[in-house]
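*Asks:* Coordinates only, no sequence provided:
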């Protein structure tokens with residue numbers, strides 16, 4: 001089953017509650033395919049040669065899931081506290097390398 005990353009942006013119109021997160025993680029676990037996630041803290045960008053680009057400060061968290069396809073992954077955004085509070089959730093595929 002393909003892997004996907006749900007990237008949460010910091011553009012909510014209201015703050016999600018911890019109860020919303022608990023409920024959402026419970027529903028993801030019940031549905032299957034939940035592989036973990038975390039909030040994203042501060043950091044730096046690095047580049048071997050030349051100046052590095054800026055840190056993407058609009059990303060505040062991620063969730064990794066397995067889903068049948070992009071449509072299935074997008075359906076798992078329903079209930080996400082960032083989404084439900086008016087914010088953006090970016091759904092990205094995680095291509096697997098060849099064995």
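*Replies:* Yes, it's here. If you're wondering where the values come from, they're calculated on a predicted model, not measured in any experiment. Residues are numbered from 1 along each chain as shown.
*Asks:* Would you map the helices across this protein?
*Replies:* Ranges of helices in the chain, per DSSP state H, are 18-31, 70-75, 81-84.
*Asks:* Make TSV from those helices and add mean pLDDT and mean neighbour count to it.
*Replies:* Where you see a C-beta, it was placed from the backbone N, CA and C, and this is true even at glycine. Rendered in TSV, the data for the helices of the chain read as follows (pLDDT from 0 to 100; neighbours: other Cβ atoms under 10 Å):
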stretch	mean pLDDT	mean neighbour count
helix 18-31	96	13
helix 70-75	97	14
helix 81-84	98	20
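*Asks:* Ok, which of the ones you listed comes nearest residue 51?
*Replies:* Nearest to residue 51, of all those, is helix 81-84, at 30.9 Å by Cβ to Cβ.
*Asks:* Mind giving me the packing neighbours of that closest one?
*Replies:* helix 18-31 (3 or more Cβ pairs under 8 Å, 6 or more residues apart in numbering; DSSP states H and E).
*Asks:* Just give me the neighbour total for the nearest residue to residue 69 once chain neighbours are set aside.
*Replies:* Of all residues not flanking residue 69 in the chain, residue 2 sits nearest, at 6.8 Å (Cβ to Cβ, 6 or more residues apart in numbering). Neighbourhood size, residue 2 [other Cβ atoms under 10 Å]: 16.
*Asks:* picking up where we left off before, out of the helices of the chain, the one nearest residue 57 is which?
*Replies:* helix 81-84 (15.2 Å).
*Asks:* For the residue nearest to residue 69, give me its contacts.
*Replies:* 66, 67, 68, 69, 73, 93, 94, 96 (Cβ atoms under 8 Å, 6 or more residues apart in numbering).
*Asks:* Check these for burial and list the buried ones.
*Replies:* 66, 67, 73 (16 or more other Cβ atoms under 10 Å).
*Asks:* re earlier: relative to residue 9, which of the helices of the chain is closest?
*Replies:* Comparing the helices of the chain under Cβ to Cβ, the one sitting nearest is helix 81-84, at 7.0 Å.
*Asks:* Please enumerate residues in contact with the closest one?
*Replies:* 8-9, 12, 16-17, 20-21, 24, 60-61, 77, 88-89.
*Asks:* No more questions from me, cheers.
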